[in-house]
Structures are given as structure tokens and as C-alpha cells.
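Colleague: A structural model of the following input is requested.
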Amino acid sequence: MSAYRAMWQAYAKAGLTANPDDPDLARFASDAALQTLKSGLSSYRSKGQILKGDLVVNPQVRQSSLVSTPPTVTVTDCIDDTRFLVYTAAGSPINDVPGGRRAVEATVTGGGTQGWKVVSFGVREVGTC
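Modeller: Next up, the predicted model:
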């Protein structure tokens, strides 16, 4: 759970400058999850945009298999990005349309020397939770 929460905190921090190379991203995400985060931030950066505001998470463990190799946990969430908005790099809002509550499912694997990392996630459209 802490890796999942930390991944979103790292994304919000990286969003302040749309930095796809922020090292905290790779501390808490890998594989498809890391690529998705980096791709999104790269897209914002190429358009001269940043992300600011509060991204509220409330994850729950849906399933765990701690005896598998690697140990795996499936997390479900209802992220609230109502106040997590896109701005120009100069800090002006792109629009004032709030986000909303979105269903998320993520797979977290780990333990050992690498620690726990989010390896994949899917975020659904606003209003799905």
C-alpha cells in the first residue's frame, strides 16, 4: 500500500515540472506502470503544461499472493483528481473543469532488495466510483 501511495505522490511531485525523469517515479513504479507515468509526463512537457493540485487516493487491497514469486498484491482505489488540474508552465490554468472520482486497479509486486513497486495500473474515466 505504501508503494502505491508513494507512486502517486511521486507523480504529483513530478507533475509540478512535468518531469518524466524524476527519480522518485522509478523508486515506486516499474514496468508498464513506470512507462505510463513517464509517457504522460512527457506529453504534458511537450505541450508546455504541468500538473498542480491535490490527488487524493484511498487504496484497498483486493487480493494478495505473498507466497508467489514475486509476491503480488492487487490494489483497488477510487482516486479523486477533482483538484488535480493541468496548467501552463507559467502557472495559468488550462481550463477550470475539475476532474472527479475514477476507479483504479493496480498490481504491486516486490519485497526483497528491490522493495515493493507498482508494475501496472489502469485508471478509468471520471464517475466510475
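Colleague: What sits closest to the residue nearest the centre of the chain if chain neighbours are left out?
Modeller: Nearest to the mean C-alpha position of the chain, by CA atoms, centre = their mean, lies W8 at 3.9 Å. Closest residue to W8 apart from its sequence neighbours, by CB to CB, 6 or more residues apart in numbering: V57 at 5.3 Å. Yep, even glycine has a C-beta here, placed from its N, CA and C like the rest.
Colleague: Next SSE downstream of the helix-or-strand element of the chain with minimal mean pLDDT?
Modeller: Least confident helix or strand, the chain: strand 60-65 with a mean of 92, by mean pLDDT, DSSP states H and E. Later in the chain than strand 60-65, the nearest helix or strand by DSSP states H and E is strand 72-88.
Colleague: Give the buried residues for stretch 50-70.
Modeller: Of the residues in stretch 50-70, 50-51, 53, 55, 57, 59 count as buried by neighbour count, 16 or more other CB atoms under 10 Å.
Colleague: Tell me if the residue nearest to the centre of the chain really is in a helix.
Modeller: Yes: under DSSP: H, G, I helix; E, B strand; the rest coil, W8 sits within a helix.
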